[in-house]
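>>> Show me how the following folds:
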Amino acid sequence: MIFVKDSNDAFLNHINIEEQEQDHVILNGTPSSMSGYLQVSNTFNETIKVRTISLSDEIQHSEKTDLNISWKLFPGETTLQSLNFSLPTETPPGEYIRYLELGGKKQRVKLVVQPSVEIDIYPTTFTLQNTDPGTRQTLAFTVTNIGNLPFQIPEIKHIAALDMDFLCRAFGFAFRDQKALNFTETLNSVTENIKQNLTDWASAKVLEAGEIIIPGKSQLIHLDFIVPKNADPKNDYSGNIRFWDKDLSFVIKSHLEIKTKSI
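Residues are numbered from 1 along each chain as shown. Sure, this is the predicted structure:
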């Protein structure tokens, strides 16, 4: 078996590009995941395993991009092989032409780049302190635009901050409720306890809402929210926030003043 690990390896001359239905091969997808197929044949008398081939941006090969592949072609075999290719994530949507050369033949390759709105957020988990009603809390996180379209920072107007133990407490009280004599009454008791202990929506605001992050850039985001008026300062709270297609999670630890005895 012969291994081809360099795009300039002479054994690539034995890998022929078969006639395509169109005059070009199509690779389609988002910049980070372009894929398509190419029919090739091995004219050598030994098995060839191809690890890399290259695409050029012009017929003159002024700029080359190596593709990491894994083709195994037996002697005389003709087969359809996959091509996977990555462009810089900020590459704008559109069609681009590249050229592939195998077996002395230049093959036109059309790259169809799809629109992509994608972001990365760090961090995504937060620990806060003080559950006094009316307390202003702030989450600060970095958003990076890893897509190829401008990203507009969304608005968030309210979030839910839930007592971390309210469900366990509701079921515990319901099962001990002497008046709840059957299944329905027990569930009614659970529901009533949840209603009594469920906090209101927390008012929230993204300070940078409406601003634009262009592809490849990052921005620090501040999300403010107010602990609800009916929150219990003795309880801990947690919540999840949907920011575009990402989830942010937080916990708020109650903070009670420690009283010390004077001597």
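>>> quick one: low-confidence ranges for the stretch 101-250 of the chain?
162-175, 178, 180-181, 190, 193-195, 198 (pLDDT under 70).
>>> Which parts of it are strands?
105-113, 119-122, 125-129, 136-145, 151-152, 158-159, 162-163, 202-206, 212-213, 218-226, 237-243, 246-253 (DSSP state E, counting those that start in this stretch).
>>> Redo those strands as JSON lines? Include distance to residue 83.
For every residue, glycine as well, the C-beta is placed using N, CA and C. Formatted as JSON lines, these follow (distance: least, CB to CB, whole Å):
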{"stretch": "strand 105-113", "distance to residue 83": "8"}
{"stretch": "strand 119-122", "distance to residue 83": "27"}
{"stretch": "strand 125-129", "distance to residue 83": "39"}
{"stretch": "strand 136-145", "distance to residue 83": "27"}
{"stretch": "strand 151-152", "distance to residue 83": "29"}
{"stretch": "strand 158-159", "distance to residue 83": "45"}
{"stretch": "strand 162-163", "distance to residue 83": "49"}
{"stretch": "strand 202-206", "distance to residue 83": "41"}
{"stretch": "strand 212-213", "distance to residue 83": "31"}
{"stretch": "strand 218-226", "distance to residue 83": "32"}
{"stretch": "strand 237-243", "distance to residue 83": "35"}
{"stretch": "strand 246-253", "distance to residue 83": "31"}
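>>> so which of these gets nearest residue 27?
Nearest to residue 27, of all those, is strand 105-113, at 5.1 Å by CB to CB.
>>> For the closest one, give me every contacting residue.
With CB atoms under 8 Å, 6 or more residues apart in numbering as the test, strand 105-113 has contacts from 16-17, 20, 23-31, 34, 38, 55, 59, 85, 87, 91-101, 148.
>>> ok so, going back, now the strands of the stretch 101-250 of the chain in a markdown table, with mean neighbour count and distance to residue 48?
Formatted as a markdown table, the strands of the stretch 101-250 of the chain follow (neighbours: other CB atoms under 10 Å; distance: least, CB to CB, whole Å):
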| stretch | mean neighbour count | distance to residue 48 |
| --- | --- | --- |
| strand 105-113 | 17 | 16 |
| strand 119-122 | 14 | 39 |
| strand 125-129 | 14 | 49 |
| strand 136-145 | 16 | 41 |
| strand 151-152 | 17 | 44 |
| strand 158-159 | 16 | 58 |
| strand 162-163 | 18 | 61 |
| strand 202-206 | 17 | 56 |
| strand 212-213 | 16 | 46 |
| strand 218-226 | 17 | 44 |
| strand 237-243 | 18 | 49 |
| strand 246-253 | 16 | 44 |
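>>> Now the terminal residues of stretch 200-210, how far apart.
Across stretch 200-210, the terminal residues are separated by 26 Å (CA to CA, to the nearest Å).
>>> starting at the chain centroid, how far to that stretch?
On the basis of CA atoms, centre = their mean, to the nearest Å, stretch 200-210 is displaced by 23 Å from the centre of the chain it belongs to.
>>> Quick one: residues in contact with that stretch.
Residues outside stretch 200-210 that contact it (CB under 8 Å, 6+ apart): 152-161, 219, 221-230, 239, 241.
>>> Which parts of the chain are helices?
Listed in chain order, the helices of the chain (DSSP state H) span 166-175, 183-197.
>>> Give me the helices and strands touching the longest one, please.
Translated: helix 183-197. Helix 183-197 makes packing contacts with helix 166-175 when contacts are defined by 3 or more CB pairs under 8 Å, 6 or more residues apart in numbering; DSSP states H and E.
>>> if we go to 10 Å?
strand 162-163, helix 166-175 (3 or more CB pairs under 10 Å, 6 or more residues apart in numbering; DSSP states H and E).
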